[in-house]
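Asker: coords please:
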Amino acid sequence: MVQNDAAAAVKKDMFMQGAITYGYITLWIALSAMVILINKYILGYTSFVFPISLTMTHMAFCAGLAALLIKLGVVSSIQMDNATYYQNVVPIAALFSGTLWLGNAAYLYLSISFIQMIKAQMPVAVFAVGTMLGTERYSNIFMSCLLVVSVGVAIASYGEIEFNMIGFLCQAGSILTESSRLCLIQILLQSRGIKLNPVTTLYYIAPACFACLCLPWAFIELPVLLNTSDWEVPWFWLIASMISAFALNMSVFLLIGRSSALTMNVAGVVKDWLLIMLSVMLYHSIVTKLQLAGYGLSFAGVTWYNYLKMKQATPVSTQPVRVDEEKQGLLETGRESSKP
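Answerer: Model prediction:
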């Protein structure tokens, strides 16, 4: 009888832990999709067509809240000297600001569905940049997988009815800066033993991102803001965007400790397909059969690539240790940390 009660208690605890984990995953997917959908609405369907300004408001809001959480002792910070900050953090922040700016700018020209298809190129860019910088080791089988991804994205691009070269180049630039940022994180932060959670990442990186964006903002958007009056700030949507972006980072903070890199990758795939569907339903994006075929091919390539990477990173004899390392890597990079 006692053993039965103990077994029932264990099963109940396992069920509750599983329910909490899947709840966090659902929250992460929902918030990630919300940030993207709101940003698309602001830049594509209101008169506020200023992606740099939008990005700067996100950085200012997230930096302020992160500083408040650290000052209140909710999250502990780390000590970092000026030399480490300027040599290691600022270059990463500069690339991150480019990722956010160019990614948001793409919403002016492209549909969410097509942008998600282009984002399938991210593993290709990370592998290429990582190979050049020494963070990735070249492999013919990995290259074959990524070639399939590239062909799929090319087919999806060919099938895009409302293709816009400026938007495509913006998104491609966002992918390039993001892949460079992820590689630099390994070189400049992880190799030096600097570990940042999502809150401390925002605390250190968001102000630097804001500063980096000031220069292009002063030359590109500030003159338009000052010399034209046919725009207005969509305050409700702007505030909703800032809050959801910060909440997204907190959901990452909650989820990382309860899931593996494989779980996050699977959740990311679910989110991408969900966004394509929502883009069609909410914004009436046109997705052709050729695009779906191309994205399906790139999806297969990415899935196989992720499987090979996970298999390589988690040998059976050392799996518990490697899973912890994967979690730490996700914690420091934050797959969707305020990312468009």
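
Asker: How about the contacts made by the residue nearest to residue 161 when sequence neighbours are not counted?
Answerer: Using Cβ to Cβ, 6 or more residues apart in numbering and skipping residues adjacent in sequence, the residue nearest residue 161 is residue 286, 5.2 Å away. In short, each C-beta sits where N, CA and C put it, glycine included. By Cβ atoms under 8 Å, 6 or more residues apart in numbering, the contact set of residue 286 is 111, 161, 162, 280.

Asker: Show the subsequent helix or strand relative to the helix or strand hosting the last one.
Answerer: Meaning residue 280. Taking DSSP states H and E as the criterion, residue 280 maps to helix 261-283. On the C-terminal side of helix 261-283, the closest following helix or strand by DSSP H and E is helix 289-313.

Asker: quick one: buried residues of that following helix?
Answerer: Within helix 289-313, the residues that count as buried by 16 or more other Cβ atoms under 10 Å are 291-292, 294-295, 297-299, 301-302, 304-306, 309-310, 313.

Asker: Mind giving me the packing neighbours of it?
Answerer: Applying 3 or more Cβ pairs under 8 Å, 6 or more residues apart in numbering; DSSP states H and E, we find helix 289-313 packed against helix 112-118, helix 122-133, helix 140-158, helix 261-283, helix 319-333.

Asker: For residue 74, find the nearest of these.
Answerer: For the helices and strands packed on helix 289-313, proximity to residue 74 was assessed by Cβ to Cβ; helix 319-333 is nearest, at 16.9 Å.

Asker: buried set for the one helix or strand residue 180 maps to?
Answerer: Here residue 180 sits within helix 165-184, counting by DSSP H and E. Using 16+ other Cβ under 10 Å as the test for burial, helix 165-184 gives 167-168, 170-171, 173-184.

Asker: before we move on, what about stretch 66-75?
Answerer: 66, 67, 69, 70, 75.

Asker: roughly how far apart are the fourth one and residue 60?
Answerer: According to Cβ to Cβ, to the nearest Å, residue 70 stands 16 Å off from residue 60.

Asker: The closest residue in space to residue 24 that isn't next to it in sequence: neighbour count?
Answerer: Leaving aside its sequence neighbours, residue 24 sits nearest to residue 255 (Cβ to Cβ, 6+ apart; 4.4 Å). The number of residues packed near residue 255 is 22, by other Cβ atoms under 10 Å.

Asker: Show me what the one helix or strand residue 255 maps to is packed against.
Answerer: In this assignment (DSSP H and E), residue 255 forms part of helix 235-256. Using 3+ Cβ pairs under 8 Å, 6+ apart, the elements in contact with helix 235-256 are helix 2-45, helix 51-71, helix 198-220, helix 319-333.

Asker: Much appreciated, bye for now.
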